[in-house]
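> This is the structure alone, sequence omitted:
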């Protein structure tokens, strides 16, 4: 794996906590980086290169704002399909991020039933957390989602939840 640590400089000067493992000893990494610029262990070269390529791809696709707009467009398409079925969002749509939206479960479908039906069609939805577990479901808009996938998802949602006049 690969990880990053962002910490205030004053934290490095305080007492050293017990790391529990040489691989988790952040002070050793910090000291080595500031001593000679190297890590005390061999870095995961393939992962570092994969991250580099992913960052280049992300920049080539327009960066964070373009990605946010793509996710928002997906969210709005899914919201439109669910609105046809009479399914409302938990919050007003303008209060959501572009990443994940929550929808109220209809009285005639449990989360388990809806999850199973959509999973059979190749889609995974998420349950609400805590007390909302029986009241809402959530849909994420991230990932390698193609136009055909969105069409299939919207068709599966309207087919399973029933479009209302």
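That came through, no problem. Here the structure is a predicted model, which means the values were calculated and not measured. Numbers count the residues shown, from 1 in each chain.

> Now do the buried residues in stretch 15-31.
Residues of stretch 15-31 classed as buried under the neighbour-count rule (16 or more other CB atoms under 10 Å) are 25, 28-29. Where C-beta positions appear, they are placed from N, C-alpha and C, glycine not excepted.

> which one of those is nearest residue 142?
Of all the buried residues of stretch 15-31, the one with the least separation from residue 142 (CB to CB) is residue 29, at 30.2 Å.

> Contact partners for the closest one?
Under the criterion of CB atoms under 8 Å, 6 or more residues apart in numbering, the neighbours of residue 29 are 5, 39-40.

> confidence score at it?
The predicted structure scores residue 29 at 87 on the pLDDT scale.

> Same check on residue 165?
Model confidence at residue 165 (pLDDT) stands at 50.

> List the buried residues of the lengthiest helix in the chain.
Residue-count comparison of every helix in the chain, with assignments taken from DSSP state H, identifies helix 63-84 as the longest. By neighbour count, with 16+ other CB under 10 Å as the criterion, the buried positions of helix 63-84 are 70-71, 74-75, 77-79, 81-82.

> now swap in stretch 141-161 and tell me
Buried residues in stretch 141-161, defined by neighbour count with 16+ other CB under 10 Å: 141, 150, 153-154, 156-158, 160-161.

> if we can go back for a sec, got a markdown table for the buried residues of helix 63-84, with pLDDT and distance to residue 129 too?
Compiled in a markdown table, those are given as follows (pLDDT from 0 to 100; distance: CB to CB, whole Å):
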| residue | pLDDT | distance to residue 129 |
| --- | --- | --- |
| 70 | 97 | 26 |
| 71 | 97 | 21 |
| 74 | 97 | 22 |
| 75 | 98 | 19 |
| 77 | 96 | 25 |
| 78 | 97 | 20 |
| 79 | 98 | 20 |
| 81 | 96 | 24 |
| 82 | 97 | 20 |
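
> Please compare those residues by their distance to residue 101 and name the closest.
Sorting the buried residues of helix 63-84 by how near they are to residue 101, with CB to CB, puts residue 75 at the top with 5.5 Å.
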